[in-house]
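Chemist: Build me a model from this:
(one chain, ligands or ions: 1)
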Amino acid sequence: METKCCYICEKKALSKNEIGLTKKLLNKDSMRFYCLNCLADYLEIDTEFLLAKIEEFKEQGCTLF
Ligand SMILES: [Zn+2]
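Modeler: Purely as a prediction, here's the structure:
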């Protein structure tokens, strides 16, 4: 898989979870990806909530994670 970097802070090599979360929460076809911290800022929620979401999506068997 090609590596993606964060649209905001340019953190390199985003994890599969970070990419999956961007797709899931923003736009499935998004060309802009956010690291966990920037995504939390952008959505005005805290990172713990995002981490909980990742686990939730995994449990649902979401293939993005
Ligand atoms: Zn970032």
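
Chemist: going forward, measure contacts between C-alpha atoms and count neighbours the same way
Modeler: OK.

Chemist: Quick one: name the residues of the chain near the ion.
Modeler: Applying Cα under 5 Å from the ion, we find that the chain lies next to the ion at Cys6, Ile8, Cys9, Cys35, Cys38.

Chemist: out of the residues you listed, which is most surrounded?
Modeler: Among those, Cys35 has the most neighbours (other Cα atoms under 10 Å), with 25 neighbours.

Chemist: Give me the longest helix you can find in this protein.
Modeler: Assignment by DSSP state H gives helix 47-59 as the longest helix of the chain.

Chemist: quick one: buried residues of that helix?
Modeler: For helix 47-59, burial by neighbour count (16 or more other Cα atoms under 10 Å) applies to Leu50, Ile54, Phe57.

Chemist: same thing with stretch 26-38?
Modeler: Of the residues in stretch 26-38, those buried by neighbour count under the rule 16+ other Cα under 10 Å are Phe33, Tyr34, Cys35, Leu36, Asn37, Cys38.

Chemist: Please convert the residues you listed to CSV, extending it with pLDDT.
Modeler: Output for the buried residues of stretch 26-38, formatted as CSV (pLDDT from 0 to 100):
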residue, pLDDT
Phe33, 95
Tyr34, 96
Cys35, 97
Leu36, 96
Asn37, 97
Cys38, 97
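
Chemist: of the residues you listed, closest to Gly61?
Modeler: Leu36 (20.4 Å; Cα to Cα).

Chemist: what residues are up against that closest one?
Modeler: Counting by Cα atoms under 8 Å, 6 or more residues apart in numbering, Leu36 makes contact with Glu18, Thr47, Leu50.

Chemist: Kindly report the same for Leu64.
Modeler: By Cα under 8 Å, 6+ apart, the neighbours of Leu64 are Lys16, Asn17, Ile19, Gly20, Leu21, Lys24.

Chemist: returning to what we had before: restricting to C-alpha, output the longest helix of the chain in PDB.
Modeler: C-alpha atoms of helix 47-59 as PDB (Å, rounded to 0.1, in the frame of the first residue of the first chain):
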ATOM      1  CA  THR A  47      -8.300  11.200  20.400                       C
ATOM      2  CA  GLU A  48      -9.600   8.700  22.900                       C
ATOM      3  CA  PHE A  49     -12.900   8.900  21.200                       C
ATOM      4  CA  LEU A  50     -11.300   8.100  17.900                       C
ATOM      5  CA  LEU A  51      -9.400   5.200  19.400                       C
ATOM      6  CA  ALA A  52     -12.600   3.800  20.700                       C
ATOM      7  CA  LYS A  53     -14.200   4.300  17.300                       C
ATOM      8  CA  ILE A  54     -11.400   2.300  15.700                       C
ATOM      9  CA  GLU A  55     -12.100  -0.600  18.000                       C
ATOM     10  CA  GLU A  56     -15.800  -0.300  17.400                       C
ATOM     11  CA  PHE A  57     -15.300  -0.400  13.600                       C
ATOM     12  CA  LYS A  58     -12.900  -3.400  13.900                       C
ATOM     13  CA  GLU A  59     -15.500  -5.300  15.900                       C
END
